[in-house]
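Visitor: Below is the sequence, then the predicted model.
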Amino acid sequence: FHHAAAEMGFDADQCVVIADSQAGVTAGVAAGMRVLGFIGGGHCGPEMNELLRGAGADVIFGHMRDLPGLLDGLAA
C-alpha cells in the first residue's frame with residue numbers, strides 16, 4: 001500500500017484503506033494508513049468485527065452508504 005500511495009504522490013497519512021479482511025487491515029496499518037474495516041460483505045461472519053478491530057482497524061462499518069460520512073469525519 002505504502003509504495004502505491006507514494007507513486008501517486010501521497011504520503012501514507014493522507015490515505016485511507018477500506019479492508020474487509022484481517023490481511024488487508026494489517027497491511028494498511030503496516031503502511032501507516034488509516035484503516036476502515038468493512039464488515040458488510042457476504043463473507044463476513046459475526047466474528048469479523050472483532051477480527052478487524054483486533055488487526056488494528058480505526059473504524060468498523062457495515063454499510064457502504066456510511067462511507068461518505070466516515071471519510072468526512074476523518075478529514076475534519
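Guide: Happy to help now that I have it. Numbers count the residues shown, from 1 in each chain.

Visitor: tell me which residues in stretch 33-50 are buried?
Guide: 33, 34, 35, 36, 37, 38, 39, 44, 48, 49 (16 or more other C-beta atoms under 10 Å). Using the backbone N, CA and C atoms, a C-beta is placed for each residue, glycine as well.

Visitor: From the rest of the structure, what touches it?
Guide: 1-2, 5, 12-13, 15-20, 24-25, 28-29, 52-53, 55-64, 67, 70, 74 (C-beta atoms under 8 Å, 6 or more residues apart in numbering).

Visitor: Need the distance between the two termini of it.
Guide: By C-alpha to C-alpha, to the nearest Å, the extent of stretch 33-50 from end to end equals 20 Å.

Visitor: quick one: low-confidence ranges for this protein?
Guide: Within the chain, the stretches with pLDDT under 70 are 1-6.

Visitor: Which residue ranges of it form helices?
Guide: All helices of the chain, identified by DSSP state H, fall at 2-7, 22-30, 48-55, 67-75.

Visitor: Which positions in stretch 63-73 come out as buried?
Guide: Result for stretch 63-73 [16+ other C-beta under 10 Å]: buried residues residue 70.

Visitor: And for stretch 23-34?
Guide: For stretch 23-34, the neighbour count (16+ other C-beta under 10 Å) marks 24, 25, 26, 27, 28, 29, 31, 33, 34 as buried.

Visitor: Could you identify the pair within these that is furthest apart?
Guide: Greatest spatial distance among the buried residues of stretch 23-34 (C-beta to C-beta): 26 and 34, at 13.9 Å.

Visitor: Burial check on residue 62, number of neighbours?
Guide: 14 (other C-beta atoms under 10 Å).

Visitor: Phi and psi next, for it.
Guide: phi -120, psi -10 (degrees, to the nearest 10).

Visitor: need the contact list for it.
Guide: Contacts for residue 62 (C-beta under 8 Å, 6+ apart) come out as 38, 39, 40.
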